[in-house]
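1. Fold the following for me, if possible:
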Amino acid sequence: MNKRGHRNGGTALLALSLAVAQPDIKTGAIMVTGIYFGSFLPDLDADYSYFRKVFKPVAAVYDLLPKNELFKHRGLFLHSVMTLIWLGGLYCYFKLEWILWVILGVIGHHFLDSLTPMG
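-> Now for the predicted structure:
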């Protein structure tokens, strides 16, 4: 799926989440940034990724990792249940609500990818 598809899917997920949760302004801002970030995070490993262009320092660190089954594009680290596990671990350690919304954005990204022929 391309940038537009993930942006639109993330926006739809965000609108649904805001409608259901009806958060205050602070929580709403946390939801917006978390879901939007999470909807692009799994494509950090793709050279053409919008996320890579916006978060260049994060991409530079990721590029230092070996490009094996774990870290290649659509590898285990960013395009599998493992993503949810390490994000969940970060949440358990840091207790930041924002990470929960990132997880929701990642789930949305994976769902949208599952609707395309390329996966």
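
2. drop to CA atoms for contacts and neighbour counts, all remaining ones
-> Fine.

3. State the distance from Lys72 to Pro117.
-> According to CA to CA, to the nearest Å, Lys72 stands 19 Å off from Pro117.

4. In CSV, list the C-alpha atoms belonging to stretch 75-83.
-> Only the C-alpha atoms of stretch 75-83 are listed here, as CSV (Å, rounded to 0.1, in the frame of the first residue of the first chain):
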residue,chain,number,x,y,z
GLY,A,75,10.8,-8.4,7.7
LEU,A,76,9.9,-9.7,11.2
PHE,A,77,10.9,-6.6,13.1
LEU,A,78,8.4,-4.2,11.6
HIS,A,79,5.9,-6.3,9.6
SER,A,80,4.8,-9.1,12.0
VAL,A,81,3.4,-9.8,15.4
MET,A,82,6.9,-9.2,16.7
THR,A,83,6.3,-5.5,16.1
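
5. rewinding a little: Lys72 and Pro117 - which one has more neighbours?
-> The neighbour count for Lys72 versus Pro117, taken as other CA atoms under 10 Å, is higher for Lys72 (17 against 7).

6. Contact partners for the most centrally placed residue in the chain?
-> In the chain, the centroid-proximal residue (CA atoms, centre = their mean) is Gly38; its distance is 2.2 Å. By CA atoms under 8 Å, 6 or more residues apart in numbering, the contact set of Gly38 is 101-106, 109.

7. Dump these to TSV, plus distance to Ser80.
-> As requested, the contacts of Gly38 are exported to TSV (distance: CA to CA, whole Å):
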residue	distance to Ser80
Trp101	17
Val102	15
Ile103	12
Leu104	14
Gly105	14
Val106	10
His109	11
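
8. and those residues as CSV, adding pLDDT?
-> Below are the contacts of Gly38 laid out as CSV (pLDDT from 0 to 100):
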residue, pLDDT
Trp101, 95
Val102, 96
Ile103, 96
Leu104, 95
Gly105, 94
Val106, 95
His109, 92
